[in-house]
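Colleague: structure for this input, please:
(one chain, ligands or ions: 3)
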Amino acid sequence: MTSTLTIRRPDDWHVHLRDGAMLAGVVGHTARQFARAIVMPNLTPPVTTVAAGAAYRERILAAVPEGMSFTPLMTAYLTDNSDPAELVRGFAEGVFTAAKLYPAGATTNSDSGVTDILKIQGVLEAMADAGMPLCIHGEVTQPHVDVFDREAVFIDQILEPLLGRIPHLRVIFEHITTAEAVQFVESAPANVAATITPQHLHINRNAMLVGGIRPHMYCLPVAKRETHRQALRKAATGGNPKFFLGTDSAPHAREAKESACGCAGIYNSPFALESYLTVFEDEGALGRFEDFASRFGPAFYRLPVNEEMVTLERVETEVPASLDVGAAHLVPFHAGETLRWRFVG
Ligand SMILES: NC(=O)N[C@@H](CC(=O)O)C(=O)O
Ligand SMILES: [Zn+2]
Ligand SMILES: [Zn+2]
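Modeller: Ligands and ions are numbered 1, 2, ... in the order given. Model prediction:
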């Protein structure tokens, strides 16, 4: 019976740290578990320039609690008017690790996103030539497309044609939620990968809608039916280097979630590793956790793995019903539940 698991320190390849008081309240939760994180640029206003990316990185570093070491990896927010030279310069100077495609209107703070992918063809070609990765929120936004179908339709209408036009573009299909996405990434060449969140491994859409509407289970892309959750669990735990950890931890104040029009986003960073590890244990794949959490992400991003080690022990952890992070009360993923693992450090 395994009672502890020691692995290289993981990284989070998709997180929302926000800004100001919220940043100060949440960054420690990420920095406690992860050495590095790909930080999403969907602030208001979004991070679109090298100067804004560098300034945001400084604000994050200033907010990291005393005694923790953490490296934020910055992303540029693509708009219809993105300048290829600015992005590639940010990548060359080490300010930007990647750029992020939000289809306009697809999710939180995506209003300035891209209205038509063909408008940024030149930007994406320049990125591909520079080897700069593209992170994608993969959902279409046409009103007639059902919200549960938006990821699968995105593959057919946007992603597959995009890779046909620019086959060498390095793409991370982020927070995938469907069997179609798993299948697409598996059959794509090595320059296409995906991140998987803890919530999409744990919950299906019933968790959000049965027995009352549960706003803290709502994020985008929305959780799908059980067959999709099973496909995601197989992908995450199956040892394929194309699938790696990205929490999509997305804090919104409790009252913004518990609302007639609640925000999309699940705050999972405080117990992220415990949450993922429970899944790996249930799938009989504890031996593959380090690959998913600590090796496949750096390999795809062409970064070294972390040298430091961390330990998780098989001790029950109670997840609080709510966390006061100063700026807000946040209801974490697994609120009120007991998880079987504890992150020691
Ligand atoms: N995942 C979410 O539901 N929300 C994210 C945005 C995103 O990643 O799509 C957020 O910024 O709140
Ligand atoms: Zn997203
Ligand atoms: Zn996100």
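
Colleague: do you know how far the closest residue to Thr197 other than its chain neighbours is from ligand 2?
Modeller: Once flanking residues are discounted, Thr197 sits nearest to Asp248: 4.5 Å by Cβ to Cβ, 6 or more residues apart in numbering. Any C-beta I mention is one placed from the backbone N, CA and C, and that applies to glycine too. As judged by Cβ to the ion, to the nearest Å, Asp248 and ligand 2 stand 6 Å apart.

Colleague: Asp248 reaches Thr177, doesn't it?
Modeller: No: if you go by Cβ atoms under 8 Å, Asp248 and Thr177 don't touch, sitting 10.3 Å apart.

Colleague: these two: who's more crowded?
Modeller: Neighbour count, other Cβ atoms under 10 Å: between Asp248 and Thr177, Thr177 has more, with 29 against 26.

Colleague: give me the pLDDT value at the more buried one.
Modeller: Looking at Thr177, its pLDDT is 99.

Colleague: separation between the residue nearest to Thr197 and Arg59?
Modeller: Plainly put, Asp248 is 21 Å away from Arg59 if you go by Cβ to Cβ, to the nearest Å.

Colleague: check Leu339 too.
Modeller: Leu339 is 31 Å from Arg59, by Cβ to Cβ.

Colleague: cool, Arg18 as well?
Modeller: From Arg18 across to Arg59, the span is 10 Å (Cβ to Cβ).

Colleague: neighbour count winner among the two?
Modeller: Higher neighbour count among Arg18 and Arg59: Arg18, with 24 against 15, using other Cβ under 10 Å.

Colleague: three-state assignment of that one?
Modeller: Assigned with DSSP: H, G, I helix; E, B strand; the rest coil, Arg18 falls in the coil class.

Colleague: would you confirm that it contacts Pro251?
Modeller: Yes: if you go by Cβ under 8 Å, Arg18 and Pro251 touch, sitting 6.3 Å apart.

Colleague: now do the contacts for Glu104.
Modeller: No, residue 104 isn't Glu; it's Ala. Residues in contact with Ala104 (Cβ atoms under 8 Å, 6 or more residues apart in numbering) are Ser110, Asp111, Ser112, Gly113, Val114, Thr115, Thr141.

Colleague: where do the helices sit along the protein?
Modeller: Along the chain, counting by DSSP state H, helices occupy 20-33, 50-63, 84-92, 121-130, 150-154, 160-165, 179-187, 198-202, 206-209, 226-237, 254-257, 272-282, 289-290, 296-301.

Colleague: if we compare those, which one ends up closest to Ser3?
Modeller: With Cβ to Cβ as the measure, helix 272-282 is the member of the helices of the chain nearest Ser3 (12.0 Å).

Colleague: list the buried residues for the closest one?
Modeller: Using 16 or more other Cβ atoms under 10 Å as the test for burial, helix 272-282 gives Ala272, Leu273, Glu274, Ser275, Tyr276, Leu277, Thr278, Val279, Phe280, Glu281.

Colleague: who touches both of Arg18 and Pro251?
Modeller: Val26.

Colleague: now do the contacts for the closest residue to ligand 2 within the chain.
Modeller: In the chain, the residue that lies nearest ligand 2 is His137 (3.6 Å; Cβ to the ion). By Cβ under 8 Å, 6+ apart, the residues touching His137 are Lys100, Leu101, Tyr102, Pro103, Ala106, Thr107, Ser110, Glu174, His175, Leu220.

Colleague: which pLDDT value goes with it?
Modeller: So, for His137, pLDDT stands at 98.

Colleague: mind checking how far it is from ligand 1?
Modeller: 5 Å (Cβ to the nearest ligand atom, to the nearest Å).

Colleague: same deal with Phe184?
Modeller: Look at Phe184 and ligand 1: by Cβ to the nearest ligand atom, they are 19 Å apart.

Colleague: for the residue nearest to Thr197, give me its contacts.
Modeller: Residues in contact with Asp248, defined by Cβ under 8 Å, 6+ apart, are His14, Val15, His16, Glu174, His175, Thr195, Thr197, Gln199, Cys219, Gly265, Ile266, Asn268.

Colleague: go on, Leu201?
Modeller: Arg229, Leu232, Arg233, Ala236, Tyr276, Val279.

Colleague: try 10 Å
Modeller: 229-230, 232-233, 235-237, 275-276, 278-280, 282-283 (Cβ atoms under 10 Å, 6 or more residues apart in numbering).

Colleague: got a pLDDT number for the spatially closest residue to Phe34 that is not a sequence neighbour?
Modeller: Counting by Cβ to Cβ, 6+ apart, Asp12 is the residue found nearest to Phe34 once chain neighbours are left out, at 4.4 Å. If you check Asp12, the pLDDT there is 99.
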